[in-house]
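**Student:** Below is the sequence, then the predicted model.
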Amino acid sequence: MPSPLLELVEVSQTIANGDVLFDDINLKIYEADIISEELLRKLRPSLLPGTPSDFLRTILGLNTHQAHLRASGDDFDTVLQRATDIAGGWGINSKLWDRAWSHLSGGEAQRLLLAAAIALDTAEVLLLDGE
(Lines give C-alpha, C1' and ligand atoms only; values in the text may rest on other atoms or scores of the structure.)
Protein backbone atom coordinates (compact mmCIF):
# COMPACT_ATOMS: atom_id res chain seq x y z
CA MET A 1 0.00 0.00 0.00
CA PRO A 2 1.37 3.47 -0.86
CA SER A 3 2.29 5.95 1.84
CA PRO A 4 -0.33 8.57 2.69
CA LEU A 5 0.15 12.16 1.50
CA LEU A 6 -1.09 13.32 4.89
CA GLU A 7 -1.47 11.44 8.15
CA LEU A 8 -2.85 12.91 11.37
CA VAL A 9 -2.63 10.86 14.56
CA GLU A 10 -4.43 12.04 17.71
CA VAL A 11 -4.04 15.71 16.77
CA SER A 12 -5.63 18.24 19.12
CA GLN A 13 -5.43 22.02 19.49
CA THR A 14 -6.49 24.26 22.35
CA ILE A 15 -6.15 28.05 22.29
CA ALA A 16 -4.88 30.20 25.16
CA ASN A 17 -8.28 30.68 26.82
CA GLY A 18 -8.78 26.91 27.01
CA ASP A 19 -11.29 26.56 24.15
CA VAL A 20 -10.72 23.44 22.06
CA LEU A 21 -10.38 24.05 18.32
CA PHE A 22 -10.28 20.32 17.55
CA ASP A 23 -9.62 17.16 19.50
CA ASP A 24 -8.27 13.68 18.77
CA ILE A 25 -8.19 13.93 14.97
CA ASN A 26 -7.01 10.75 13.21
CA LEU A 27 -6.87 10.76 9.42
CA LYS A 28 -4.92 9.30 6.50
CA ILE A 29 -5.22 10.83 3.05
CA TYR A 30 -3.87 9.08 -0.03
CA GLU A 31 -3.36 10.44 -3.53
CA ALA A 32 -6.71 10.93 -5.33
CA ASP A 33 -8.74 10.52 -2.12
CA ILE A 34 -11.88 12.61 -1.77
CA ILE A 35 -12.61 13.33 1.88
CA SER A 36 -16.09 14.13 3.14
CA GLU A 37 -16.54 13.48 6.85
CA GLU A 38 -17.31 14.86 10.26
CA LEU A 39 -13.69 15.94 10.80
CA LEU A 40 -14.35 19.41 9.44
CA ARG A 41 -17.23 19.92 11.84
CA LYS A 42 -14.73 19.64 14.70
CA LEU A 43 -12.81 22.67 13.43
CA ARG A 44 -14.21 25.90 14.82
CA PRO A 45 -12.98 29.05 13.05
CA SER A 46 -15.03 31.21 15.43
CA LEU A 47 -12.53 30.35 18.17
CA LEU A 48 -9.57 31.66 16.21
CA PRO A 49 -8.14 34.94 17.47
CA GLY A 50 -8.40 38.08 15.38
CA THR A 51 -9.73 38.28 11.87
CA PRO A 52 -9.37 36.27 8.67
CA SER A 53 -6.82 38.86 7.51
CA ASP A 54 -4.82 38.32 10.72
CA PHE A 55 -5.01 34.57 10.17
CA LEU A 56 -3.66 34.90 6.62
CA ARG A 57 -0.81 37.14 7.86
CA THR A 58 0.05 34.54 10.53
CA ILE A 59 0.07 31.72 7.98
CA LEU A 60 2.30 33.73 5.66
CA GLY A 61 4.71 34.27 8.57
CA LEU A 62 5.43 30.54 8.82
CA ASN A 63 8.86 29.51 7.50
CA THR A 64 7.44 27.30 4.75
CA HIS A 65 5.36 30.13 3.38
CA GLN A 66 8.18 32.64 3.73
CA ALA A 67 10.28 30.54 1.34
CA HIS A 68 7.36 30.30 -1.11
CA LEU A 69 6.79 34.07 -0.94
CA ARG A 70 10.46 34.76 -1.70
CA ALA A 71 10.37 32.34 -4.64
CA SER A 72 7.11 33.70 -6.05
CA GLY A 73 7.80 37.37 -5.38
CA ASP A 74 4.43 37.69 -3.65
CA ASP A 75 3.82 39.56 -0.42
CA PHE A 76 0.96 39.71 2.09
CA ASP A 77 -0.96 42.36 0.13
CA THR A 78 -0.75 40.34 -3.09
CA VAL A 79 -1.96 37.13 -1.44
CA LEU A 80 -4.72 38.97 0.45
CA GLN A 81 -5.91 40.61 -2.78
CA ARG A 82 -5.93 37.22 -4.53
CA ALA A 83 -7.92 35.72 -1.62
CA THR A 84 -10.30 38.70 -1.62
CA ASP A 85 -10.88 38.31 -5.36
CA ILE A 86 -11.54 34.58 -4.99
CA ALA A 87 -13.97 35.11 -2.11
CA GLY A 88 -15.59 38.00 -3.97
CA GLY A 89 -16.40 35.61 -6.79
CA TRP A 90 -18.40 33.62 -4.24
CA GLY A 91 -20.33 36.70 -3.08
CA ILE A 92 -18.20 37.40 0.02
CA ASN A 93 -17.82 41.10 0.82
CA SER A 94 -14.18 42.18 1.10
CA LYS A 95 -14.93 43.89 4.44
CA LEU A 96 -15.35 40.46 6.05
CA TRP A 97 -11.57 39.93 5.96
CA ASP A 98 -11.34 42.47 8.80
CA ARG A 99 -14.27 41.16 10.87
CA ALA A 100 -13.65 39.02 13.97
CA TRP A 101 -14.17 35.29 13.39
CA SER A 102 -16.86 35.27 16.06
CA HIS A 103 -18.86 37.78 13.99
CA LEU A 104 -18.91 35.66 10.85
CA SER A 105 -21.43 33.02 9.94
CA GLY A 106 -20.15 29.47 9.58
CA GLY A 107 -20.49 29.68 5.81
CA GLU A 108 -18.63 33.00 5.63
CA ALA A 109 -15.79 31.64 7.75
CA GLN A 110 -15.53 28.49 5.63
CA ARG A 111 -15.47 30.46 2.38
CA LEU A 112 -12.81 32.84 3.69
CA LEU A 113 -10.63 29.94 4.85
CA LEU A 114 -11.01 28.21 1.49
CA ALA A 115 -10.22 31.43 -0.40
CA ALA A 116 -7.10 31.88 1.73
CA ALA A 117 -6.00 28.29 1.09
CA ILE A 118 -6.43 28.68 -2.66
CA ALA A 119 -4.74 32.11 -2.69
CA LEU A 120 -1.67 30.70 -0.92
CA ASP A 121 -1.16 28.51 -4.01
CA THR A 122 0.84 25.91 -2.06
CA ALA A 123 -1.68 23.24 -1.02
CA GLU A 124 -1.42 19.75 -2.44
CA VAL A 125 -4.43 18.66 -0.38
CA LEU A 126 -7.55 20.61 0.58
CA LEU A 127 -9.96 19.14 3.15
CA LEU A 128 -13.46 20.21 2.18
CA ASP A 129 -16.81 19.74 3.84
CA GLY A 130 -19.06 17.77 1.52
CA GLU A 131 -22.28 19.44 2.66
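**Tutor:** In hand now; what should we look at?

**Student:** so where do the helices sit in this protein?
**Tutor:** Under the criterion DSSP state H, the chain contains helices at 39-42, 52-60, 63-72, 76-89, 106-120.

**Student:** Give me the average confidence score over the second one.
**Tutor:** For helix 52-60, mean pLDDT rounds to 90.

**Student:** Quick check: bridge partners of residue 14?
**Tutor:** residue 20 (DSSP bridges).

**Student:** closest one to residue 33 among the helices of the chain?
**Tutor:** Taking C-beta to C-beta, helix 39-42 is the member of these nearest to residue 33, at 12.6 Å. Backbone N, C-alpha and C define where each C-beta goes, glycine included.

**Student:** Next one, pLDDT for the residue positioned nearest the centre of the chain please.
**Tutor:** Taking C-alpha atoms, centre = their mean, the centroid of the chain lies closest to residue 113, which sits 4.3 Å from it. What the model reports for residue 113 is a pLDDT of 89.

**Student:** That one reaches residue 52, doesn't it?
**Tutor:** Yes - counting by C-beta atoms under 8 Å, residue 113 does reach residue 52; the two are 7.4 Å apart.

**Student:** Out of the helices and strands in the chain, which is least certain?
**Tutor:** Across the helices and strands of the chain, mean confidence by mean pLDDT, DSSP states H and E is lowest for helix 39-42: a mean of 52.

**Student:** any idea how far the nearest residue to residue 51 once chain neighbours are set aside lies from residue 80?
**Tutor:** Closest residue to residue 51 apart from its sequence neighbours, by C-beta to C-beta, 6 or more residues apart in numbering: residue 98 at 5.3 Å. Counting by C-beta to C-beta, to the nearest Å, the gap from residue 98 to residue 80 is 10 Å.

**Student:** Those two - which one has more neighbours?
**Tutor:** Each of residue 98 and residue 80 has its neighbours counted (other C-beta atoms under 10 Å); residue 80 has more, 20 against 11.

**Student:** Now that one: closest residue in space, sequence neighbours ignored.
**Tutor:** The shortest distance from residue 80 to any non-neighbouring residue, by C-beta to C-beta, 6+ apart, is to residue 56 (6.0 Å).
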